[in-house]
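Q: need a structure here:
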Amino acid sequence: MEPYSSERDHFRSEQESELLLNFDVLMAIQSFLETVGDVNRMMLTCSILYVAGVKHLLKFTVRPTSARTLRSFCRFALVDFPQRLAFLRSLDLASLPYIGVTAHSTLDMLVKVFTMTGIRNLRWSDCDELGVTTIARMQSPLVSLNVDFYANQERFDPAPILTGVASTLETLELFYMEFEPCDIQLPRLRNLVLHDSFELPMAVLISMFPNLATLNFRNHSSSEEILGPWMEEIRQRNLLEQTITCWSKLELVQCTEVATIYSLGLTCNVRELDTTLSSFEDADKLLEILLDVRPYRLVLDMVHKKTEFACTLLEHAPYVKVLALTITIHPQAPTRSIIRRLLRILKGSTIVALELNIVGHPSYCKRMPELLQPEIEPWVRLVAKHIPSLYYVSSIIGGQYASAWMISRPVHGDIYLRGYTADIPKKSRWTPGLASRRGGVV
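A: Numbers count the residues shown, from 1 in each chain. Now for the predicted structure:
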């Protein structure tokens, strides 16, 4: 029995050895892990995978949330300095309390972290003098920078921190800033997001960001209240400055307040304009904006009761070919009233695509049978009849899929509809020729 037993044990050991993965395979598997937790757990299995996992761990965005976690990260990152830090790519300090009160030893370590050249994305909240100095001395070719200056008593000119990254920065998000004339240019910057920004000098923005593609404003205060009677003066000044130099084209201009965009006095072509309409005064300003920037796609948000503000707006804006309309409804909104007002908005337009998104409590949306499948077809046919140029319609009710329709008119006066059943996201971006591939025919 003994020889047989040894042969069996030998066979079993050979079988188990064939099932073991070598470290090259395990390291390859480690590189495909998608969460910090998974990488951490695999690193804790043995010392070899711990060392190999450091570079995979640092590929994720590092977000310390307290002085303790910041200190822990700095100690971890500075082991084998500078080899380990070479893998750090994204650092987010937005969740930290005010960094200025952090212990000096931690600040010294943090400054040492910022001497590395591997960081590509940085976010820093409540950036004080220490933060400004640290960012200005960075040697990393930053691609994305997000900084707010609320820690300063007054609005801060961001030029000092942009000098070192001017040649590499592609996305910039700033809070509580004030642009002053300067000689700095950021030729690769494509995306600019400004928070709480009013009275912006267009000449300075155009000079600093000559190749800008998207401009996004996120104001937490009303432009009307802050700019007040000076709004028209600011607009006229910006219009005058753009007779000397201006952007040739912007892909996207986005702001919830029409007044902010109006004060800029933009004169370049804008492919997509995204804003909110809330008053008759806004409607007048929006019409002037549409005539100035001639957008191909208009994304418009409004409340059901205020849809009359947009009536005849598109009639005077023939450049708009795609309308993405979001309407917020209330419990007492009659379905026929919504349809009637929508037709008034679309009257005289030459749009080729309509993306309708009706939001509100699901119970409100269920009260609109004309907009739900299969009753939507008569509604789409009615819209198509009023707009001869229209050949694509999508509708989303309460965040749920409703329908998408292609419209064809092979014979004069006849309208043929073809429905599709694929899910459509809110504010979906319609592209000619893509709708027909989204799903099967209804």
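
Q: Tell me the first helix or strand C-terminal of the helix-or-strand element of the chain with minimal mean pLDDT.
A: Scoring the helices and strands of the chain by mean pLDDT, DSSP states H and E places helix 2-19 at the bottom, with a mean of 50. Using DSSP states H and E, the next helix or strand after helix 2-19 towards the C-terminus is helix 23-30.

Q: Report the buried residues of that following helix.
A: Residues 26-27, 30 are the ones in helix 23-30 that count as buried (16 or more other C-beta atoms under 10 Å). Every C-beta, even on glycine, is put in place using the N, C-alpha and C of the backbone.

Q: Could you do stretch 173-188 as well?
A: 173-179, 186.

Q: any idea which of these is closest to His56?
A: Comparing the buried residues of stretch 173-188 against His56 with C-beta to C-beta places Glu173 closest, at 27.2 Å.

Q: who does the helix or strand hosting that closest one pair up with?
A: Here Glu173, judged by DSSP H and E, is contained in strand 171-175. According to DSSP bridges, strand 171-175 forms sheet pairs with strand 144-148 (parallel), strand 191-195 (parallel).

Q: right, and Glu288 touches Leu264 too?
A: No - distance between Glu288 and Leu264: 11.6 Å, which falls outside the contact criterion (C-beta atoms under 8 Å).

Q: The two: which has the busier surroundings?
A: Leu264 (22 against 14; other C-beta atoms under 10 Å).

Q: and the more buried one, what is it in contact with?
A: 200, 202, 235, 238 (C-beta atoms under 8 Å, 6 or more residues apart in numbering).

Q: Which ones among the residues you listed lie within strands?
A: Among these, none falls in strands (DSSP state E).

Q: what distance separates the start and the end of stretch 268-288?
A: 13 Å (C-alpha to C-alpha, to the nearest Å).

Q: and that stretch, how far out from the chain's middle?
A: For stretch 268-288, the separation from the chain centroid amounts to 20 Å (computed by C-alpha atoms, centre = their mean, to the nearest Å).

Q: Over to stretch 38-47?
A: 34 Å.

Q: May I have that stretch as PDB, with CA atoms only?
A: Output of stretch 38-47 as PDB, limited to C-alpha atoms (Å, rounded to 0.1, in the frame of the first residue of the first chain):
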ATOM      1  CA  ASP A  38      -9.500  45.100  -4.900                       C
ATOM      2  CA  VAL A  39      -6.000  46.300  -5.400                       C
ATOM      3  CA  ASN A  40      -5.500  46.600  -1.600                       C
ATOM      4  CA  ARG A  41      -6.800  43.100  -0.900                       C
ATOM      5  CA  MET A  42      -4.500  41.600  -3.500                       C
ATOM      6  CA  MET A  43      -1.500  43.600  -2.200                       C
ATOM      7  CA  LEU A  44      -2.000  42.100   1.300                       C
ATOM      8  CA  THR A  45      -1.700  38.500   0.100                       C
ATOM      9  CA  CYS A  46       2.100  38.600  -0.100                       C
ATOM     10  CA  SER A  47       5.100  40.900  -0.100                       C
END
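
Q: Who are the packing partners of the helix or strand harbouring Leu325?
A: Assigned by DSSP H and E, Leu325 belongs to strand 322-328. On a contact count with 3 or more C-beta pairs under 8 Å, 6 or more residues apart in numbering; DSSP states H and E, strand 322-328 meets strand 297-303, helix 335-346, strand 353-359.

Q: Sounds good, over and out.
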